[in-house]
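pasting the sequence and the predicted coordinates here, then a few questions.
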Amino acid sequence: MQKPELLAPAKNLERLKVAVTYGADAVYVGGQNYGLRARADNFTDAELVQAVAFAHRHGAKVYITLNAFLHDADFEGLMDYCQWLEAIGVDAAIVSDLGVIRTIRANSNLDIHLSTQASCLNTYAAQVWQSLGVKRAIVGRELSVAEAGSIRERVGIEVEMFAHGAMCMAYSGHCTISNFTAGRDSNRGGCIQSCRLPYRIEGNGEQGTGNGVEGRGQGAEGRGGREGEEQNDRVTFMSSKDLWGIRQIGEFFRHRICSVKIEGRMKSSFYVAMTCRAYRRLIDDYAAGCLTDDRMNEIAAELESVPHRDYCSGSLDAAAGSDSIFGQLSGINTGTYQALGMVMEKTPEKIVVRLLEPLNLGDEVEVVPVEGEPIRWKIHQFFSVTGEGLRQMRKDGIVCIPREDAIANWSAIAKLNVVRRKAIDSQPQAAAIASP
């Protein structure tokens, strides 16, 4: 049984290493230009060289996003860049723009993956894109798994689908709200996600009509809209729930979807670790014939434990409806995990951790390993990198924690908050906190 590729996001070199460590078969990254995530860290040329070397050393591929819709002036340097990407071993370029496809083909032998932004939704479009040199179509999120599988079968093109993460309410992401509200071109890397903000809809009293939207949403005018305006009359009617395709994992196999993709180049290393761990287990367990209901529920609970909007299956089964709208002004579900940091190095006696949150003596922490059950213990001692004993360390600090377990580099480590402790205590066989 052929497994679909697990494709993960990588905002920077750390996230790439985390994704590969937690089982991604491939990662997609952005360079300094030509992509749709201008606000991400993105990779310098030197970092891209390191990224490709690390990924290939661990059997993973690297795809680079060249998926912005370019104006004539934006093409400067693209020819040389394509040749350089091929020279350093980048495995494919993700592209939306016909002009970019032509430039790549004229100047390199890079494989071309068609971005979801290109709205490939049918067999006839896929045939045209294939004739233009596209090897893989990342189909629009408006398609079901069955529809995507039909395209793959009838055209013979590789098909990739988003299976997890944030979704855009605009058709295949073609949105210009940020252009008009912030002067930033959404389709050239400038999206500020204005659609996530709450707005008030005002109607003219006639059913089925309206006279537009008043208010600019929180963030545009401090607390949003007019001073003193109540928030309970404002809704996030353009904001989608997050996608998860855990229940469709068998469909991805049956319809021979080539690549299952996790969204999130703006997300944290902890998010990358947890989602890769979850989908790696789903794919491997299904292929081995041992994906039970209990296992599925266990993986679902892990995905619920990371910050997210409410989940839905989007259009994976049938066309998304009004129940896919995320209408909660309270914001994103913070989950049960409080990400503490990443294990940067492991020696026989200790782990070296870069902190995402402050750490104090007495904190209870949990390493989420690549495989197996979480390792929990209470912090009784930790040190600076120079060996000085510490009682606390600020966010972004680096600390050494005594630990002899077989913990891999780039493992995720979390702090047990009240919600997480309750979740552990509610389990039938809660694991005991290990001794220091």
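Okay, I see it.

okay, CA-based contacts and neighbour counts for the rest of this
Will do.

skip ahead from the helix or strand of the chain with the lowest mean pLDDT and say which helix or strand is next.
Using mean pLDDT, DSSP states H and E, strand 213-214 stands out as the lowest-scoring helix or strand of the chain, at a mean of 44. Beyond strand 213-214 in the direction of the C-terminus, DSSP states H and E gives the next helix or strand as strand 242-244.

strand partners (parallel or antiparallel) of that following strand?
Paired strands of strand 242-244, with direction, are strand 158-165 (antiparallel), strand 311-312 (parallel) (DSSP bridges).

wait, which of those strands is closest to residue 203?
Closest of the strands paired with strand 242-244 to residue 203 is strand 311-312, at 28.8 Å (criterion: CA to CA).

send me the very next helix or strand once past the closest one as CSV with only the CA atoms.
Later in the chain than strand 311-312, the nearest helix or strand by DSSP H and E is strand 337-346. The C-alpha trace of strand 337-346 is given here as CSV (Å, rounded to 0.1, in the frame of the first residue of the first chain):
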residue,chain,number,x,y,z
TYR,A,337,-0.7,22.3,26.3
GLN,A,338,1.4,25.3,27.2
ALA,A,339,4.4,25.1,24.9
LEU,A,340,7.6,25.6,26.9
GLY,A,341,10.4,25.1,24.4
MET,A,342,12.3,22.9,22.0
VAL,A,343,15.2,20.5,22.8
MET,A,344,18.1,21.9,20.9
GLU,A,345,20.6,19.3,22.1
LYS,A,346,20.7,16.1,24.0
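
within its sheet, name the partner strands of the helix or strand just after strand 337-346 and how each one runs.
Of the helices and strands lying after strand 337-346 in sequence (DSSP H and E), the nearest is strand 350-355. Paired strands of strand 350-355, with direction, are strand 337-346 (antiparallel), strand 398-402 (antiparallel) (DSSP bridges).

mean confidence for the last one?
Same thing as strand 398-402. The average of the pLDDT scores along strand 398-402 is 97.

what's in contact with it?
Under the criterion CA atoms under 8 Å, 6 or more residues apart in numbering, residues 349-355, 381-385, 393, 436 lie in contact with strand 398-402.

one more time with 7 Å
349, 350, 351, 352, 353, 354, 355, 381, 382, 383, 384, 385 (CA atoms under 7 Å, 6 or more residues apart in numbering).

so which of those comes closest to residue 201?
residue 355 (42.5 Å).

related to what we said a few turns ago, for residue 105, which of the strands paired with strand 242-244 is the nearest?
Among these, strand 158-165 comes nearest to residue 105, with 18.2 Å by CA to CA.

buried sites along the helix or strand hosting residue 296?
In the assignment (DSSP H and E), residue 296 maps to helix 293-304. In terms of neighbour count (16 or more other CA atoms under 10 Å), helix 293-304 has its buried residues at 296, 299, 302, 303, 304.

can you pick out the most distant pair from those residues?
Spanning the widest gap among the buried residues of helix 293-304 are 296 and 304, at 12.3 Å by CA to CA.

using a markdown table, lay out the strands paired with strand 350-355 together with distance to residue 412 and mean neighbour count.
Converted to a markdown table, the strands paired with strand 350-355 look like this (distance: least, CA to CA, whole Å; neighbours: other CA atoms under 10 Å):
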| stretch | distance to residue 412 | mean neighbour count |
| --- | --- | --- |
| strand 337-346 | 5 | 22 |
| strand 398-402 | 14 | 21 |
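
with distance to residue 251 added, can I get those strands in JSON lines?
Shown next, in JSON lines, are the strands paired with strand 350-355 (distance: least, CA to CA, whole Å):
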{"stretch": "strand 337-346", "distance to residue 251": "30"}
{"stretch": "strand 398-402", "distance to residue 251": "43"}
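
indicate which one of those is closest to residue 309.
Closest among these, using CA to CA: strand 337-346, at 14.7 Å.

longest helix of the chain?
Ranked by residue count, the top helix of the chain under DSSP state H comes out as helix 269-288.

could you let me know which of the buried residues of helix 293-304 ends up closest to residue 30?
Distance to residue 30, by CA to CA, is smallest for residue 303 among the buried residues of helix 293-304, at 25.3 Å.

what pLDDT does the model give residue 105?
97.

so which helix or strand takes in it?
Element membership for residue 105, per DSSP H and E: helix 98-107.

continuing past that helix, what's the next helix or strand?
Downstream of helix 98-107, the next assigned helix or strand under DSSP H and E is strand 111-114.
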